[in-house]
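Enquirer: What shape does this take:
(one chain, ligands or ions: 1)
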Amino acid sequence: MSGWLVMGSRRVPCTVRRTKRSTLELAVHPDGSVVVTAPENASDERIRALVGKRMRWLRAQLERFESLPVPPPPRRYQSGETHRYLGRQYRLRVRRGRTDSVRLEGVLLVVTTTSPSDRQRVRLLVEGWYMTRASAVLGARLAHCIHKWRAAQLSAPTLAIRRMARRWGSCSPAGRVTLNVDLVKVPTACIDYVIVHELCHLRALNHGREFRTLLARRMPDWERRRDKLDRQEV
Ligand SMILES: [Zn+2]
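Expert: Residues are numbered from 1 along each chain as shown. As a prediction, this is how the structure comes out:
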């Protein structure tokens, strides 16, 4: 059962994937396609019934993805380009100097290097700077979020920061939280949303009722923060 889902006047591509798992799951991908993961023995009727029941949710997800900004063109690492840090825009300025360094100066992100025309080198310097800032900022935000949580005695998870292609963060069953280095480019309110979301996963691994109740209690305005995060260009 793969094909199209008719939603009002539109047709949405829908794929059914059969797996060995025992639960039915529905996902909307950012490209606007719907994927149903179903047990091998689930009947088409059962799948249709689930999709029918979740129609309102599906529509809301699709609208959310449609309102997202178009991703910016790939960076060239030349002077004049816009880069972001904690939700603010900075203009890249590449200067020649005796040693390599990166720092913020007012509205500028200043890269000083012995070879300013070497864009690969400038890219590595900028990426290194983001990684250093991410370690400091995300570590501090995690400590802040755990401090606020203290009533429930949450033990601090191990934090890893890496480049992640499509996610802002993840949490392993062993209690390790991984955050995307690009998170340091968005406002603090959005960083805290991702961290609290992952901290909730220490208690509930999937996005079921327990998870949603916990998230709503820990961060009542999480939806506003998530919507803001969705609108960020990094
Ligand atoms: Zn999650």
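
Enquirer: Surely Gly139 and Ala160 touch.
Expert: No: Gly139 lies out of contact with Ala160 (CB atoms under 8 Å); the separation is 10.8 Å. Every residue, glycine included, has its C-beta placed from N, CA and C.

Enquirer: OK, contacts around Ile195?
Expert: Residues counted as contacts of Ile195 (CB atoms under 8 Å, 6 or more residues apart in numbering) are Leu138, Arg141, Leu142, Cys145, Gly169, Val177, Leu179.

Enquirer: what does Ile146 give?
Expert: By CB under 8 Å, 6+ apart, the residues touching Ile146 are Leu154, Ala156, Leu199.

Enquirer: in the stretch of helix or strand it belongs to, what's buried?
Expert: Here Ile146 sits within helix 119-149, counting by DSSP states H and E. Buried residues in helix 119-149, counted by 16 or more other CB atoms under 10 Å: 121-122, 125-126, 129-130, 133-134, 137-138, 141-142, 145-146, 149.

Enquirer: Could you tell me how far that helix lies from the centre of the chain?
Expert: For helix 119-149, the gap between its own C-alpha mean and the chain's C-alpha mean amounts to 15 Å (CA atoms, centre = their mean, to the nearest Å).

Enquirer: Let me know the next secondary structure element after it.
Expert: Once the chain leaves helix 119-149, the next helix or strand it forms, by DSSP H and E, is strand 158-162.

Enquirer: Parallel or antiparallel, list what pairs with the first helix or strand past that following strand going along the chain.
Expert: Moving toward the C-terminus from strand 158-162, the next helix or strand (DSSP H and E) is strand 169-171. Looking at strand 169-171 with DSSP bridges, its partner strands are strand 176-180 (antiparallel).

Enquirer: need the strands for this protein, in chain order.
Expert: 3-7, 10-19, 25-28, 34-39, 82-85, 88-96, 101-105, 108-113, 158-162, 169-171, 176-180 (DSSP state E).

Enquirer: With mean neighbour count as added columns, please give those strands in a markdown table.
Expert: Output for the strands of the chain, formatted as a markdown table (neighbours: other CB atoms under 10 Å):
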| stretch | mean neighbour count |
| --- | --- |
| strand 3-7 | 12 |
| strand 10-19 | 14 |
| strand 25-28 | 16 |
| strand 34-39 | 18 |
| strand 82-85 | 17 |
| strand 88-96 | 15 |
| strand 101-105 | 13 |
| strand 108-113 | 19 |
| strand 158-162 | 14 |
| strand 169-171 | 18 |
| strand 176-180 | 21 |
